[in-house]
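# here are the coordinates; sequence isn't available:
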């Protein structure tokens, strides 16, 4: 693959992000676009873990919650600079991920799912119960994010921040998958014993990718907190984890484009379904079930196969 | 000095002594075969030496260094590669990518550098792509290189595993029934391939049921029965050994 062709997808995404503001009529649509981008970045990281490395995590919202609350608590209660708090949150999330990963990834299948589920639920419970710091179920306000004296506020400014972050994540994810590290990840998904015999330290790779996905989830938690200006325990709860997981599955496991599509569609869908007035959850569920029946591999891989494109190019 | 020395190796699964006090040594550059009836412990012996199982007792030395109990990925570092009786191909990848995984240890595997696409990584990867294609040509699979492994026929996958193992540039290669399930024409191709591998100064340890192939290409043969070493010798010695004949055909005493 020549170098220019390699960069086409990145250029296309950049163009879309650049032109999108021209067609976004008002702040409501900016808000949806921002939420799409936040979800897309989390889902890119989660898909590296679930789709590429073949390890499940049903508690990923826990890491998003850690980042969000670090950005809320550290500046408010301890006077940290928001950027430092953001980094602190990501460091805490990564450290927790690294510590629990080794014992957890000895497990497989349902047991792994249960263990990660437990991790997420514990995080949510801690956030709800430590009311002195977290405000408990009521949540708490978050300081404004300022970069070198420049305050980021309003949908339009946040849009450009998220656009830049999304572009970077997309670029970095593609690089990772295209590298020896990424190949080893996919190999341990395909055959753990074969990859071990080829020299892949399976435990180390699982830990590394889990930490990386936790890191990005935490960063996006911080961004969400600053963007909304408020955090509540919902951000760390089980339903948020499932929502993220669903984006991975519907978009397409082991597909970078799938992560983007999944995040965009499933962020937009509840908004589009709001006309169903009370029935939107039912409609949402029905759409998911139909997706899984007719395209169990997810949207992007299914469409890619249908149109007969070469797998390697379509990742 | 022998490249591989196995000393009194044993493992028990519960009450079953799958391998019992097996000793042998393999000289550099030879094709060394392990044979025996079904359930004799051949694959278990392979799994012990290649680190998939940890021996209950005994010693394994590669190049004079003790390697018993090391994890498979550490053994890979010491120049050991293997294939599997029941294929272990990564079906989620293309044929070429499978071969490239074989070269895992020769590459820069740093996560951060990979994400930021440091120039060295991409350059080395392109180079590796060519090397992997060359290996696929060597095992006779050049036409498959860009195909998903899941859409390749069984016989081709058998050879793909060998190509992947060779990509690791091993000093010793363990082949677990490379001809299992292949027809006579395909078996002859594997036979030819193992010879070519041995010519490249790679020591081959082979488990195989196809006696014609084993007798043809082996420099030495180890016979296992019920987890124990029955005998060891050249093809001719083994063929004429009455214990071996009894183990395979049953004795009338």
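Perfect, thanks for sending it. What you see is a predicted model; the values in this text were computed from it and never measured.
# give me every residue that touches residue 247.
No chain was given, so I picked chain A. Taking CB atoms under 8 Å, 6 or more residues apart in numbering or on different chains as the criterion, residue A:247 is in contact with A:39, A:43, A:46, A:259, A:262, A:263, A:266. Where C-beta positions appear, they are placed from N, C-alpha and C, glycine not excepted.
# could you do chain B instead?
B:36, B:37, B:223, B:225, B:230.
# Assign the closest residue to residue B:235 other than its chain neighbours to helix, strand or coil.
Nearest non-adjacent residue to residue B:235, counting by CB to CB, 6 or more residues apart in numbering or on different chains: residue B:215, 4.5 Å away. Put simply, residue B:215 is helix when judged by DSSP: H, G, I helix; E, B strand; the rest coil.
# sorry, back to before: just the contacts of residue B:247 now: which is nearest chain A?
Nearest to chain A among these: residue B:36, at 22.6 Å, using CB to the nearest CB.
# neighbours of the closest one, just the number please.
Number of residues near residue B:36 (other CB atoms under 10 Å in any protein chain shown) recorded here: 23.
# The residue nearest to it when sequence neighbours are not counted: which element?
Spatial nearest neighbour of residue B:36, chain neighbours left out: residue B:224 (3.7 Å); criterion: CB to CB, 6+ apart. Using DSSP states H and E, residue B:224 sits within strand B:220-225.
# List the strands paired with that strand, with their directions.
When pairing is defined by DSSP bridges, strand B:220-225 lines up against strand B:31-35 (parallel), strand B:228-233 (antiparallel).
# Which residues does that strand contact?
Under CB under 8 Å, 6+ apart, the answer for strand B:220-225 is B:19, B:22, B:24, B:26, B:30, B:32-37, B:40-42, B:45, B:214, B:229-235, B:238, B:241, B:243-244, B:247.
# where does the stretch 201-315 of chain A have low pLDDT?
Counting by pLDDT under 70, the ranges of the stretch 201-315 of chain A that qualify are A:308-315.
# Near chain A, which residues of the stretch 1-150 of chain B are found?
Listed as neighbours of chain A in the stretch 1-150 of chain B under the rule CB under 8 Å from any CB of the partner chain: B:50, B:52, B:71-73, B:75-77, B:81-82, B:84, B:88-94, B:97-98, B:100-102, B:104-105, B:107-111, B:114-117, B:121, B:125, B:146, B:148.
# Weed out the non-buried ones from these.
Neighbour-count burial (16 or more other CB atoms under 10 Å in any protein chain shown) applied to those gives B:50, B:52, B:72-73, B:75-76, B:81-82, B:84, B:88-94, B:97-98, B:100-102, B:104-105, B:107, B:109, B:111, B:114-115, B:117, B:121, B:125, B:148.
# Low-confidence regions, the stretch 1-150 of chain A specifically.
For the stretch 1-150 of chain A, the stretches with pLDDT under 70 are A:1-3.
# In it, what residue comes closest to chain B?
Closest point on the stretch 1-150 of chain A to chain B, by CB to the nearest CB, is residue A:54, at 8.3 Å.
# what does chain A give?
For chain A, CB to the nearest CB, closest residue to chain B: residue A:190, 2.6 Å.
# rewinding a little: out of the residues of the stretch 1-150 of chain B next to chain A, which are inside strands?
When DSSP state E is applied, those are split such that B:81, B:82 fall in strands.
# Out of the residues of the stretch 1-150 of chain B next to chain A, which sit inside helices?
With helices taken from DSSP state H, the overlap with these comprises B:72-73, B:75-77, B:97-98, B:100-102, B:111, B:114-115, B:121, B:125.
# what's near enough to touch the residue of the stretch 51-200 of chain B at minimum distance from chain A?
Using CB to the nearest CB, the closest approach of the stretch 51-200 of chain B to chain A is made by residue B:90 at 2.6 Å. Applying CB under 8 Å, 6+ apart to residue B:90 gives the contacts A:186, A:187, A:189, A:190, A:191, A:194, A:195, B:97, B:98, B:101, B:149.
# okay, now the spatially closest residue to it that is not a sequence neighbour: neighbour count?
Nearest non-adjacent residue to residue B:90, counting by CB to CB, 6+ apart: residue A:190, 2.6 Å away. The number of residues packed near residue A:190 is 21, by other CB under 10 Å.
# repeat for residue B:51
Look at residue B:51: counted by other CB under 10 Å, it has 23 neighbours.
# helix or strand for residue A:64, which one?
helix A:60-78.
# hang on, the earlier thing: which among the contacts of residue B:247 end up buried?
Neighbour-count burial (16+ other CB under 10 Å) applied to those gives B:36, B:223, B:225, B:230.
# The first one and residue B:42 touch, don't they?
Spelled out, it's residue B:36. Yes: using CB atoms under 8 Å, residue B:36 is in contact with residue B:42, at 5.5 Å.
# Now residue A:151, what are its backbone angles?
In terms of degrees, to the nearest 10, the main-chain angles of residue A:151 are phi -90, psi 130.
# So it versus residue B:134, what's the distance?
Using CB to CB, to the nearest Å, one gets 58 Å for the distance from residue A:151 to residue B:134.
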